[in-house]
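Participant: Build me a model from this:
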Amino acid sequence: MKRNLLFAALFASLATPAFARDTVDNYPVAPALQSEPGKVSDDIALYFAGQRHPAVVKTIGEFATNKKTNAFGKSDLEACQHVFLSAVIELQDRARKEGGNAVINIKSNYKNEVRESATEFTCGAGAVIAGVALKGDVVTLRGK
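Facilitator: I've put the predicted structure just below:
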């Protein structure tokens, strides 16, 4: 019994600092969207904060995502690109469900810190998990 407790305490003291890492950084949107070809559909248009888009015919609402992925054995870039795609796909799925044809004004919302950028997204990466939170407006655009 004592041996098991000692082992558990030793493991916890060694493992905790490594697993507690949460490196928050910004990564480019364009390469992330192309990082896994065919994953992101082109039927729902995506416009990040500040990007010009066709006129909005109908605003459906703002929706948020908060996705996590296994980062173990992956570089921060690789894990962050993968989880970013999951968040984008979730926004597209929501647009389809709500009857929209685009998601506009997409911005990062990692740990409720909003960051608006047309070219970068925010990701938190640790030794085991990486996460991306996005929010955007589901709309119907003219001529789309």
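Participant: chain center to the helix or strand that contains residue 95, what's the gap?
Facilitator: Using DSSP states H and E, residue 95 falls within helix 76-98. Here the centre of helix 76-98 is set off from its chain's centre by 6 Å, with CA atoms, centre = their mean, to the nearest Å.
Participant: So which elements touch that helix?
Facilitator: Applying 3 or more CB pairs under 8 Å, 6 or more residues apart in numbering; DSSP states H and E, one finds that helix 76-98 makes contact with strand 23-28, helix 29-34, strand 45-48, strand 56-70, strand 102-110, strand 120-125, strand 129-141. (Each C-beta comes from the backbone N, C-alpha and C, glycine too.)
Participant: could I get the ones you listed as CSV with mean neighbour count and mean pLDDT?
Facilitator: Output for the helices and strands packed on helix 76-98, formatted as CSV (neighbours: other CB atoms under 10 Å; pLDDT from 0 to 100):
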stretch, mean neighbour count, mean pLDDT
strand 23-28, 14, 97
helix 29-34, 16, 98
strand 45-48, 20, 98
strand 56-70, 15, 98
strand 102-110, 21, 98
strand 120-125, 24, 98
strand 129-141, 22, 98
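Participant: Report the buried residues of stretch 112-120.
Facilitator: For stretch 112-120, burial by neighbour count (16 or more other CB atoms under 10 Å) applies to 117, 120.
Participant: Next: stretch 78-98.
Facilitator: Neighbour count says stretch 78-98 has 79-92, 94-95 buried, by 16+ other CB under 10 Å.
Participant: now it: mean pLDDT?
Facilitator: Computed over stretch 78-98, the mean pLDDT rounds to 98.
Participant: Which residues does it contact?
Facilitator: Stretch 78-98 has contacts (CB atoms under 8 Å, 6 or more residues apart in numbering) with 25, 27, 29, 31-33, 35-36, 39-41, 43-44, 46, 60-61, 63, 65-71, 74, 101-103, 106, 121, 123, 125, 130-134, 136, 138.
Participant: quick one: residue 71 from residue 101, how far?
Facilitator: Residue 71 sits 33 Å away from residue 101, going by CB to CB, to the nearest Å.
Participant: returning to that earlier point: just the closest of the buried residues of stretch 78-98 to residue 56, please.
Facilitator: Distances from residue 56 to the buried residues of stretch 78-98, taken as CB to CB, are shortest for residue 95 (12.9 Å).
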